[in-house]
Every structure is written in structure tokens, then in C-alpha cells.
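A.B. asks: structure of the sequence below:
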Amino acid sequence: MAREGRIVAVLGPTNTGKTHYAIERMLGYRTGVIGLPLRLLAREVYDRIVAARGPSVVALITGEERIVPPRTQYWVCTVEAMPEGIGADFVAVDEIQLCADPERGHVFTDRLMRMRGQHETLFMGSDTMRGPIRALVPRVEFHARDRMSELAHTGQRKISRMRPRSAIVAFSVESVYAIAELIRRQKGGAAVVMGALSPRTRNAQVALYQNGDVDYLVATDAIGMGLNLDIDHVAFAGLSKFDGRRMRNLAPNELAQIAGRAGRGMSNGSFGTTGEAPPIPDEVAESIMGHRFAPVARLQWRNPRLEFGSTEGLIASLEEGPPAPILARGREADDLRALRALSAEPEVRARASDARAVRLLWDVCRIPDFRGISHGEHADLLEAIFAHIHDRGRVPEDWIARQIARIDRTEGDIDTLSRRLAFIRTWTYVAQRPGWVEQESHWRDATRAVEDRLSDALHARLTQRFVDRRTSVLMRRLKQKEALLAEVSENGEVRVEGEFVGRLEGFRFRRDTAAAGQEARTITSAAMQALAPHFHLRADRFYNAPDTEIDFTEQGGLMWGEQAVGKLVASDDPMKPRIEVFVDEEAGVEVAEKVRRRLGHFMDRKVAALFEPLIAMQRDEALQGRAKGFAFRLVEGFGILPRGGEVAEEVRALDQDARGALRKHGVRFGQFTVFLPALLKPAPTRLRLVLWSLAQGLDTFPEAPPPGLVTIPADRSAPRGYPAMAGYRAAGTRAIRIDMLERLADMLRAEDTRGGFEAKPDMLSITGMTLEQFADLMQGLGYRAERGERAKAKPAPVAPEEETPATEAAPAPDATAPDAVPASLGQTPEVAPAAPQPPEGEAGADGQQLQDTPRDPAEDAAADRSATEPAAPEAVAPVTEAAPAADDVPPDAAAVGHGDSPAVVPSAPQPPSDAPAGVGPEVQTTPVPDQEETEVFFTFTWVGRPRTQARGKPQRDAAGGRAGEESGKPRGKGRPKGGKPKGGKPPREAKPKTFTAGPDRKGKDRIDPDNPFAAALMGLKGKE
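C.D. replies: Prediction:
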């Protein structure tokens, strides 16, 4: 046994300052050695002594790290790596109670019995070691130290209710990760400390906790071995652990060693359980708080006097029994297990033939199994290392370089990086052994560099997975009660103290949806505190923004650019809806009121601009009596009133002066609708639908039809009155724009509705429909559509018999023919007409100008009479007379649908057989029997009610009026009860008209004006 000086045992619970006392005592001597239980704690003590004495005199020796300056005075080591025989003045061993540890206890027992300083030897640990130390170490002095703070038991507590500055202790890597992930979601994050971490990773994780970036620490029982942290509470997530062979419950002194980490210095601490751990029994809790535990009865021991003559002798010396009853032979350690496995290999036995080789074999077997893969793989690696050193004297550099290169990769997850760190620790240990590699300093630096890179990568992955820096930063700043700095980008991203927390949408903060629980509450609190000045700045900018930046949606929302800032709410005045703003309460009443005023100004100007004719008519003091009342009616209807029911009576009650006064404001008295053409434009229609939907109390507002369309599909699921507010009138399966309906009605008045007529190209053109679609529309208007087929006439040139002047080639069409086109329609016979433009002066729904047909009072009086007593349209309409005006005359047709299919203009219909053919002598139509083609045509006859309405039940239009009053033929003198219009001369023949594809020989000198080839034929004749 070495020369002994003073031997002192400083015993007591945790937080008594034993380690600090040992460091002070060592620095009082010229040289000293201190052994610590963990390389993490060794690194911590090394840093403290370096700070006091400088790096040139302090050495650090652990299994994987060796820093030995030339002028070393103080040695900081793990207990296994303590150098022997250096004759240091001072020797200290910390956590001496680990002599009872089943795995490492024999090493601590050996240091207790054999390590001595020339002037002083210090053993530090629990008071449970008093008896064994007295029995094994003569002349020992005992110094008892009391805990500097109190330790209290707080019982069970949920992780979600864990207070800040707490450490949660688990006994498996899986449990540590699961708890850390839960704390990240609920508390913002946690630092992770495990014994398997490299010192660099552990220090980085501890720094997160010590700096306040996180308030929680999740660790294994590694924190119980002297790590000094600012912990207020220790919570056990389990009370049992796997000791390498079996699961066992922790002893009270082991729990006390960990719980004692709570309360550093003069600060009191507490301990308890959490998660799935059962409550700590009361008697155990009392012993922990009172630091009263059963003394250690047996110490682990292994024979330090080894025989190296042969592998068998070495194994026998290791298995030798203890010399004293208080000592117990420890369980078979990893190094002894590896020695047994290698000594059974013939090649190893052959190499281990002398004492030097056996000693080398034993040194190789003591390489720790850092990888923990399996005993067999660990033995194979040790055999390879032993063979290289024995045969070559060194580990080959190319071989170790390949091993390190496979490990030197920083990609991967936490588990992958942890495995690589375990692998590099093996080669770090090999590089630290003197004489095992050729260039010791190079490989020490190389393995250390790889370990540092992997440690940094592992720290980054741990932080990324278990720490929400955003929440931790915000919580720390909120706790410090400092003003937070917020930044709002152009796209609305909000960053507080540089951390993304959410978006600012208008005047409402939308926090990051990835946050939940405490994290979400922290983000919201921090953001609202930081955004207070931004709300006022944004409100000022919004108040001064031009109207072009603000708009309303078809659902009544109010937008500032792409951000919703409010919505419209119904009020007593449909033209002045209320404003509901979208402003967070935290923004304040002043901001909300400023936003409300700005939106109110916008809506007032929008209504005044788009409904200017209505507003002007509403404010016109010149309107009196019934004109003023009807103007009020128009304002209530947002500028559109279907003529039916009470509206029809009110229209008939208006005298010509009242109508003239209303016409000055742009009011048009159509046959189906009284409306202001200027309000049929897309912008007023869009606003009208929103205001009408608000007034009707609809949950979902119907959308405005696409602009520029004449007909649209009739939506049967739309709210009652929607077609009129959209500027359309429903008929059948489609709805037609009301201004185009009036123009179609003008055309229909010139037709023989009783005897039947065919559609003219102008009718198809303004509706944009095919002939079949138009037939469906007409049936919806109350007409019967009779489908027929006939041979399609084909023009064939023939030799002229005689020359006829061009002026006589195309006489005027017979005005008495039922299908003759009125001259007022402006039909161009040779070309199918394009969609007709509205008369100049009025605005249709597609932006075209419309205008009331000027009329004299006599015409208005006649129109009013026809509204109640209409006469059936004449079968013969002279071309010299203009078609009846559209104003105030009920039509023979209801509304037409909107053509979403492209407009198809068919060829001009053929004249009836009894009408002149209109073919000149040069060109005539001749049938081709072997290639005869047929064409479809429809004959329309007024029947009085639409096809979709059952007989005996009057149909209601979109405004609730009777179809017979406004949408079809009105009842009165001109219409008998049977619904068939009368008036005009009946056709000469009661039988249906027939047509033929052959030429009309009687009138072969006439050219049909409806024939699309008429102009070409006339031109050809003229040339001849």
C-alpha cells in the first residue's frame, strides 16, 4: 500500500458542497489527483480547475479523452482512469458509495483500499459508507456535512402541470424521448441529458437549460452523480430500472441521490413522481427528506493482484475470492467475459503465449463495449485489435482510417447519430492508449474531431426535436417583462423576436397552427403584446387607403386587398347596411371604430356611384303624388320591378306626366319589367344582389351571373325573386336578360301568333340559341312548338329564258304573308344578322345602350288599354307600318333563357307554299331526288300557358304575379277565357300550312327575301 498521509471521509447528503470542498483542498497542494464517477462530471471539474490554474498544469484523463500537458500538476480523471504510482500530494475519490455498485463497484473499492495521497486522501460520498470505510481504512477521520437547503416531497404531479425549472428523470432512452416530446408540445421544449451523450453534447444541452432557453430537463439517473444544475424540482417518471441483467426497484438511497439534485446552494428543492410512475411510499419519502438510509453492508471487490503468466492463470486470479467478509466478489464484468471468449479461440491462445502477450490481451479486453451490439461482435472486434497490435506492434493506420471514415457522417436522426458516437468512442479509447497507434496525437485529434462533429449534429437534432425555440424565447422574454419586438412582413408574416408566430390577416392575428397547448397560449400572448402598435399603424394606413384597394364580395364580405376586414349586416334601410368589422379585441376600440368608419365611407360612395339613378330619383323633390310613390317602389326593388299584380295596377294608374317625370331618371316601362337600364350593368347587379340577399336574410347569397350573357340556366333552387334581381326573367329551363326580353317581345308582336309563325334569324340572334333551344324557350313563354321536317331546297342554276332587269328580279316581299319580316327589324336578307345592338341611349346588362322608344300620349293611352284589353296581333302586318312600341304593351311571350351554348343562326326559314317563291328567272330551286336533304322547322302558336304549368293552375312569375297578367297574354277584351287570342283575320285555310322543296312555278320570277342566297342571286342576275 502506498505511503499514507491524512485520510478523511467527508460524508453527507447531496448539496453539501463536498465536491467544491475537495477541489479547494486539492488546489492547496502542489500536485493532486481527483477521481470522479462520470466523464461528464470530470469534464465539469476540469473546466473549473483550468479556470483557476490555467490549462498548462491541468490534465484530463477519461476512457475517451486524454489531455496531459508537459507540466501537469493536477489530474482530473474518471475513477477507472486514475493514474497509479505518480506520488501526488493529494488524492480524492468522489461518490465513494458506488463501492456497492454491481457493475463498477470493484473499481471504487480498489481505490478505497489502495489509492493514497502523500499528504492527504479524501473520500466523499453518502453517510451510508461510514461503516465499511471504518472497517477497511484504519486511522480515517469522518467529517459530516449537512445539506444547505431543505428537500420536500410534493407527491404525484402531471407533466402538463409541472412547474418551471424542473427535471424529469426516466430510466430508458425511449422514455426520455417520449417525455421530452410531450414537454415540447405543452411547454415549449426540454433539454436532454443522458450518460451516453458525449461531453460536448451534454454541455450544449445543459446550456439550453441553464441559460433559460428551456425550463425543463429530461434526464436519466446520470444527473444524480454530481452534476450541479439549477433545479427546483425533481420528478421521477419511474421507480425501477434495468441494471444490465434484470429490472429492479431503486433503493431509497438511490432515489435520494437523484432527488438531491433539486435545490442548489441555499435554495430549497422538492421531489415527487409524474407520468406512469406510482407515488413514492411515505416511509421512503420520509427517509429521503431526513437523509436516513440503511448502511451499506457489502462492497464489490475484485482481486487487484493479477497473474499474467497465462490466460488460465489470469482468469483464475480474477475469480479469486475476497479477503474480508464485508467484501463480495463482483459479478462477471464485460472485460472478464471478453477474456473468457477470446481465450477460447485457438489463434488467440497461440498469440498469448507469454506474460507480455497476456497483459496485452487483458488491456484489449478492458476496452469498454460502447456500441452495446452483442458480446459476440464486441469479442470479434477485440480479437482483430489484439491480432494487429500483437503481430505488427500497432493498429494499422489504413485499417483504423477506414473504420473512422465509415463513422464520420453527420446526416441521420438522433438514434443514428447516437450509434455513431458510441462507435467513435471505441476508436477514441484505442487512440488514447499509449503505443497502440503509430501517430498518437494525430489519431487522438482525428477521433476527437469526429466526436465533436457528431456531438454538434446530435445536439442540433435533439434541439430540433425537443425544443421549440420560438416558444422558449417568447416565454423567457415574457417572464422578464420586457417589451417584445414584432415585425410584420408585406405578406403578413409576424415575427416576434425573430421567431415566426403567425400571420396578420387584416386586423386579426392568426397564430401558427402548428402550435398547441401552452405553446399556443404563449405565442398568442407574446404576439398580442408586440402587435399593439402595429394595429394602430395599420388602421391609419387603412383609413387613408383609396377605394380602389377596398371591395365587397358576393357574400357580403369586405376586403382590403386579399384580407377580410369586415362584412355587411342587414339594417332597417336596405340601401344602407350596417358594418361589422373583423378586428381583434386586443387591438382596441379605437382601431375597430376607425376601421368601421372607413368601411362605412366606402359603402356609402359605392352605393351612391352604382345606384346613382336611384339615389337621384329618391332625392328628386319634383316628383309628386303617384310618381313619387312609384319611385319609392323602384328604390325598394333596387331599380327592377316585374310588371305583375300590384305593380301592373300602379303602372296603369300613372298618367303621362308622371311617366315622363320618371323617364327623365332613366326608368323604362317595358312589357314585362319596369327597370332602369343603367342598373343592369355587372357592377350594379353585383351590389344589388348583395343588398337584396341581406334584406331577405339569406344565409348563402346567390352569385351574380357572368357579365355579357343574354341567357342563363334557370336555377330552380335559387331564392324566390333572384332572377329579377340578377336582371333576368325565368322562362322554362332558362332565363333571359330583361332588356333583351323586351326586344324579343317587340319582334313577337309583329307575328301571327294565332295562325302560327316561324322563328326569324333576329330572334335566334338576340337570344344566342339554336332552333331547338329557342323552341324550348318559346314553350316556356306559353307557345306551342310544333316540330316538322321538310325537304331542304337547293339552288340549281338554269339557263335563262329571257333577260329580266335587276330591278324587277326581287320585288318587295308580300307584306301579308304571316312569316314576312317587318321592315322595322332591319333584316338583311343575304346575311344572317349578328346579335342586334340596343337602341342608342339606354344601357343593357352587357353594357350596351338602351333607350325608351319615344312615343306620344296617344300611344301611351293605347298601350295602357292594351294592358287590360289587348287585341290579338294582326295576321297581316304591313311593312310600311312600324312595329308596336315595347312600352306598356303586354307581350305574346315570356322570358327567354341565357345561351351558354354558342349562338347558332340557322338558314332563313322557307316561305309557305302559298307565298311567292321569290326566285328570279335566272336562278331557281330544283329538287334533287337522289340526294334530297331535310330540315327541321318549328311552328309557334300561342296557347296561353307555359308547358311547365298544369292547366287550371295559374303560373306565378319570379315576383309572384300571374303569368297571364304579365308573362303571357293578358286577359281582357282581346283574349277570351279560353286563353286563345282573338282579333285579326283568321287564315284563309283552316288546315295546317304545307311546304314543298320544289320551286313555286307561279312565282318563279320573285326572290324570297328570307332566302340567305337572295342577294347573291340578285347580284348574279344583275351581272347577266
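A.B. asks: going forward, measure contacts and count neighbours with C-alpha atoms only.
C.D. replies: Fine.
A.B. asks: hey, which helix or strand in this protein has the poorest pLDDT?
C.D. replies: Taking mean pLDDT, DSSP states H and E as the measure, the chain has helix 806-809 as its least confident helix or strand, at a mean of 38.
A.B. asks: and the helix or strand encompassing residue 111, what other elements does it pack with?
C.D. replies: Secondary structure from DSSP states H and E places residue 111 in helix 105-114. Under the contact criterion of 3 or more Cα pairs under 8 Å, 6 or more residues apart in numbering; DSSP states H and E, helix 105-114 touches strand 299-301.
A.B. asks: who does the strand it packs on touch, helix- and strand-wise?
C.D. replies: Strand 299-301 packs on helix 105-114, strand 327-329, going by 3+ Cα pairs under 8 Å, 6+ apart.
A.B. asks: just checking: what are the partner strands of it?
C.D. replies: Take DSSP bridges as the rule and strand 299-301 pairs in its sheet with strand 327-329 (parallel).
A.B. asks: I'd like to know which elements the helix or strand that the partner strand is followed by is packed against.
C.D. replies: Downstream of strand 327-329, the next assigned helix or strand under DSSP H and E is helix 334-343. Applying 3+ Cα pairs under 8 Å, 6+ apart, one finds that helix 334-343 contacts helix 311-318, helix 346-351, helix 355-365, helix 375-392.
A.B. asks: let me know which of those helices is the nearest to residue 707.
C.D. replies: Closest to residue 707 of the helices and strands packed on helix 334-343 is helix 375-392 (Cα to Cα; 79.2 Å).
A.B. asks: quick one: mean pLDDT over the closest one.
C.D. replies: Rounded to a whole number, the mean pLDDT of helix 375-392 is 92.
A.B. asks: which intervals of the protein have sub-threshold pLDDT?
C.D. replies: Along the chain, the model assigns pLDDT under 70 to residues 1-4, 226-227, 469-486, 497-499, 513-523, 794-931, 945-1024.
A.B. asks: how close does the closest residue to residue 100 other than its chain neighbours sit to residue 326?
C.D. replies: In space, residue 100 comes closest to residue 299 once its chain neighbours are excluded; the distance is 4.7 Å by Cα to Cα, 6 or more residues apart in numbering. Relative to residue 326, residue 299 is positioned 6 Å away (Cα to Cα, to the nearest Å).
A.B. asks: with residue 196 instead?
C.D. replies: Residue 196 sits 32 Å away from residue 326, going by Cα to Cα.
A.B. asks: picking up where we left off before, tell me the contacts of the residue nearest to residue 100?
C.D. replies: 99-101, 105-106, 109, 132, 326-328 (Cα atoms under 8 Å, 6 or more residues apart in numbering).
A.B. asks: rebuild the residues you listed as JSON lines, extending it with distance to residue 752 and neighbour count.
C.D. replies: Output for these, formatted as JSON lines (distance: Cα to Cα, whole Å; neighbours: other Cα atoms under 10 Å):
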{"residue": "99", "distance to residue 752": "121", "neighbour count": "25"}
{"residue": "100", "distance to residue 752": "119", "neighbour count": "22"}
{"residue": "101", "distance to residue 752": "116", "neighbour count": "17"}
{"residue": "105", "distance to residue 752": "119", "neighbour count": "22"}
{"residue": "106", "distance to residue 752": "122", "neighbour count": "26"}
{"residue": "109", "distance to residue 752": "125", "neighbour count": "24"}
{"residue": "132", "distance to residue 752": "128", "neighbour count": "18"}
{"residue": "326", "distance to residue 752": "129", "neighbour count": "16"}
{"residue": "327", "distance to residue 752": "128", "neighbour count": "21"}
{"residue": "328", "distance to residue 752": "126", "neighbour count": "20"}
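A.B. asks: out of those, which is nearest to residue 943?
C.D. replies: residue 101 (109.0 Å).
A.B. asks: just give the closest residue to that closest one, not the sequence neighbours.
C.D. replies: Closest to residue 101 by Cα to Cα, 6+ apart is residue 300, at 6.9 Å.
A.B. asks: same question for residue 16.
C.D. replies: Residue 16 sits nearest to residue 147 (Cα to Cα, 6+ apart), 4.7 Å away.
A.B. asks: for the one you found, give its distance to residue 9.
C.D. replies: Applying Cα to Cα, the value for residue 147 to residue 9 is 16 Å.
A.B. asks: verify the contact between residue 614 and residue 637 for me.
C.D. replies: No: using Cα atoms under 8 Å, residue 614 makes no contact with residue 637, being 10.1 Å away.
A.B. asks: looking at these two, which is more packed in?
C.D. replies: Neighbour tally, residue 614 and residue 637, criterion other Cα atoms under 10 Å: the higher count belongs to residue 614, 25 against 17.
A.B. asks: what sits up against the helix or strand hosting that one?
C.D. replies: Secondary structure from DSSP H and E places residue 614 in helix 612-619. Defining contact as Cα under 8 Å, 6+ apart, one finds that helix 612-619 is touched by 608, 631-632, 634-635, 638-639, 662, 665-666, 676, 678.
A.B. asks: which SSE is immediately downstream of that helix?
C.D. replies: Going down the chain from helix 612-619, the next helix or strand is helix 625-636, by DSSP H and E.
A.B. asks: given the next helix or strand after that next one, what are its sheet partners and their directions?
C.D. replies: Next helix or strand after helix 625-636 toward the C-terminus (DSSP H and E): strand 640-642. Paired neighbours of strand 640-642 in the sheet (DSSP bridges): strand 673-675 (antiparallel).
A.B. asks: can you list contacts of the strand it pairs with?
C.D. replies: Applying Cα under 8 Å, 6+ apart, the contact partners of strand 673-675 are 634, 639-643, 667-669, 738.
A.B. asks: what's the first helix or strand after it?
C.D. replies: Helices and strands here follow DSSP H and E; after strand 673-675, the next one along the chain is helix 682-696.
A.B. asks: that following helix - contacts with which helices or strands?
C.D. replies: Helix 682-696 packs on helix 589-610, helix 722-725, going by 3+ Cα pairs under 8 Å, 6+ apart.
A.B. asks: the same query, at a cut-off of 10 Å, please.
C.D. replies: Packing partners of helix 682-696 (3 or more Cα pairs under 10 Å, 6 or more residues apart in numbering; DSSP states H and E): strand 550-552, strand 563-569, helix 589-610, helix 722-725.
A.B. asks: and it, what's buried?
C.D. replies: Residues of helix 682-696 classed as buried by neighbour count (16 or more other Cα atoms under 10 Å): 682, 684-695.
A.B. asks: more neighbours, residue 147 and residue 9?
C.D. replies: Comparing residue 147 with residue 9 by neighbour count (other Cα under 10 Å), the higher total belongs to residue 9, at 25 against 19.
A.B. asks: that one reaches residue 91, doesn't it?
C.D. replies: No: Residue 9 is not in contact with residue 91 according to Cα atoms under 10 Å; the separation is 11.9 Å.
A.B. asks: so what sits against both of those two?
C.D. replies: In terms of Cα atoms under 10 Å, 6 or more residues apart in numbering, residue 9 and residue 91 are both contacted by the residues 121-123.
A.B. asks: reformat these as a markdown table; add secondary structure.
C.D. replies: Below are these laid out as a markdown table (DSSP: H, G, I helix; E, B strand; the rest coil):
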| residue | secondary structure |
| --- | --- |
| 121 | strand |
| 122 | strand |
| 123 | strand |
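A.B. asks: ok, so of these, who is nearest residue 792?
C.D. replies: Each of these was scored against residue 792 by Cα to Cα, and residue 123 proved nearest at 121.7 Å.
A.B. asks: for that closest one, what are its contacts?
C.D. replies: 7-11, 18, 22, 34-35, 91-97, 111-112, 129, 133, 140, 142.
A.B. asks: which among those residues end up buried?
C.D. replies: Buried subset of the contacts of residue 123 (neighbour count, 16+ other Cα under 10 Å): 7-11, 18, 22, 34-35, 91-97, 111-112, 129, 133, 140, 142.
A.B. asks: looks to me like residue 938 is in a helix.
C.D. replies: No: read with three-state DSSP, residue 938 is strand and lies in no helix.
A.B. asks: so it versus residue 783, what's the distance?
C.D. replies: Taken as Cα to Cα, the span from residue 938 to residue 783 is 11 Å.
A.B. asks: higher neighbour count, the two?
C.D. replies: Just comparing residue 938 and residue 783: by other Cα under 10 Å the higher neighbour count belongs to residue 783, 27 against 20.
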